[in-house]
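# Got a predicted structure plus its sequence, pasted below:
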Amino acid sequence: MRVILQRVTYGSVAVDEAIIGQVDQGFVALVGITHEDTQAEADLLAKKTAHLRVFEDADGKMNLSVQDVGGGVLVVSQFTLYADARKGRRPSFIKAAGPDVAAPLVDYYAERLKAEGIQQVAMGQFGAMMQVTIHNDGPVTILLDSDELTNK
């Protein structure tokens, strides 16, 4: 499982020009699922997302979590995080899990964020063509990969 966290001052996702989810200060979490992922990976990455200290404290140091600043998380599924572009000019997405595996795990990740104490969790629409607005703050962009966090 991979999550790209972008620290934002604002993030939104629209489908058919209608905003279906948004956050102000917090994260936009782009979430990719592969075939081997389970709820254990979602638990791990939700906990890491909720407690990662990348927001500035009063001294301007990255010392606060999204919880500490009262921020939200906008969760957007993104199968392209498992693109393989090593051969040719068109990437392969064979490593990305299908909707039957990925959709429930993306939802589970969002639920686990709430369980970790994130008050505002907004969602994209799985499988839809979405327009995502990201006002990256910093910019700060962090890649979380469950394989790297568990030394697989």
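Yep, it's here. Numbering: from 1, shown residues only.
# What about residue 115, how many residues nearby?
By other C-beta atoms under 10 Å, the residues close to residue 115 number 12. Any C-beta I mention is one placed from the backbone N, CA and C, and that applies to glycine too.
# can you check the one 3 residues further on too?
Residue 118 is flanked by 23 other residues according to other C-beta under 10 Å.
# So it: helix, strand or coil?
When classified by DSSP: H, G, I helix; E, B strand; the rest coil, residue 118 comes out as coil.
# show me what contacts it?
Residue 118 is in contact with 50, 66, 67, 71, 72, 73, counting by C-beta atoms under 8 Å, 6 or more residues apart in numbering.
# could you dump the residues you listed to TSV with distance to residue 90?
Listed next are the contacts of residue 118 as TSV, based on distance: C-beta to C-beta, whole Å:
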residue	distance to residue 90
50	36
66	36
67	41
71	37
72	36
73	32
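# mind listing the strands in the protein by residue range?
Ranges of strands in the chain, per DSSP state E, are 2-15, 18-23, 26-32, 55-56, 62-64, 72-77, 120-123, 131-145.
# Give the pairing partners of the shortest one; include direction for each.
When sheet partners are counted by DSSP bridges, strand 55-56 sits next to strand 62-64 (antiparallel).
# for the record, mean pLDDT for the strand it pairs with?
Average pLDDT, strand 62-64: 97.
# try stretch 135-152
Averaged over stretch 135-152, pLDDT sits at 91.
# before we move on, back to that, could the strands of the chain go into JSON lines alongside mean neighbour count?
JSON lines is the format used below for the strands of the chain (neighbours: other C-beta atoms under 10 Å):
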{"stretch": "strand 2-15", "mean neighbour count": "21"}
{"stretch": "strand 18-23", "mean neighbour count": "16"}
{"stretch": "strand 26-32", "mean neighbour count": "27"}
{"stretch": "strand 55-56", "mean neighbour count": "20"}
{"stretch": "strand 62-64", "mean neighbour count": "14"}
{"stretch": "strand 72-77", "mean neighbour count": "25"}
{"stretch": "strand 120-123", "mean neighbour count": "19"}
{"stretch": "strand 131-145", "mean neighbour count": "15"}
